[in-house]
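**Student:** sequence plus predicted model, see below.
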Amino acid sequence: TVGDIQDVANRYFADNQRNVFVYVRREGSTPEDALFVALPEQLKPMVKSQLAQINQISDVEQLKQILAQSEQALEQAPPEARPAVEYLVRKIGERIDQLSEGGQTESQQPGSGNSEQEGN
């Protein structure tokens, strides 16, 4: 009955029988990119490699061409590869924005979390 469940819950989930986990990031460390972390493990090396290549490109027009090709590839990508292609499309767009604004030239490494749009 409902009463039985409440009795058991009150007995086993008492305030003095709980664990609290507090995660504290090391000072100076950057937060991990949640979208990269969520990628399947077998796709992460390929994504890291492609992202490293993208981050070395400073020609906005070349990046726009790569973005257009990646968006076409996304339409044809098998379901298991779609998250990786979507991630790369997003990062290419962010790199274009970064260069277009004349802003920072710091490379965007996977897991660095330096994306303004991250978490949205």
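**Tutor:** Yep, it's here. Numbering: from 1, shown residues only.
**Student:** where does the protein dip in pLDDT?
**Tutor:** 31, 103-120 (pLDDT under 70).
**Student:** biggest helix in it by residues?
**Tutor:** Identified as the longest helix of the chain according to DSSP state H is helix 82-100.
**Student:** show me the helices in this protein, by range?
**Tutor:** Using DSSP H, helices in the chain cover 2-12, 34-37, 44-55, 60-76, 82-100.
**Student:** and Phe21, which of the ones you listed is closest to it?
**Tutor:** helix 34-37 (17.8 Å; CB to CB). (Each C-beta comes from the backbone N, C-alpha and C, glycine too.)
**Student:** can you mark which positions in that closest one are buried?
**Tutor:** Residues 35-36 are the ones in helix 34-37 that count as buried (16 or more other CB atoms under 10 Å).
**Student:** so what does that helix touch, helix or strand wise?
**Tutor:** Using 3 or more CB pairs under 8 Å, 6 or more residues apart in numbering; DSSP states H and E, the elements in contact with helix 34-37 are helix 82-100.
**Student:** circling back: how far is the longest helix of the chain from where the chain is centred?
**Tutor:** 11 Å (CA atoms, centre = their mean, to the nearest Å).
**Student:** all numbers from here: first residue = 426
**Tutor:** Sounds good: first residue 426 from here, last item helix 507-525.
**Student:** angle of it against helix 485-501?
**Tutor:** 160 degrees (axes from the mean of the first three to the mean of the last three CA atoms, to 10 degrees).
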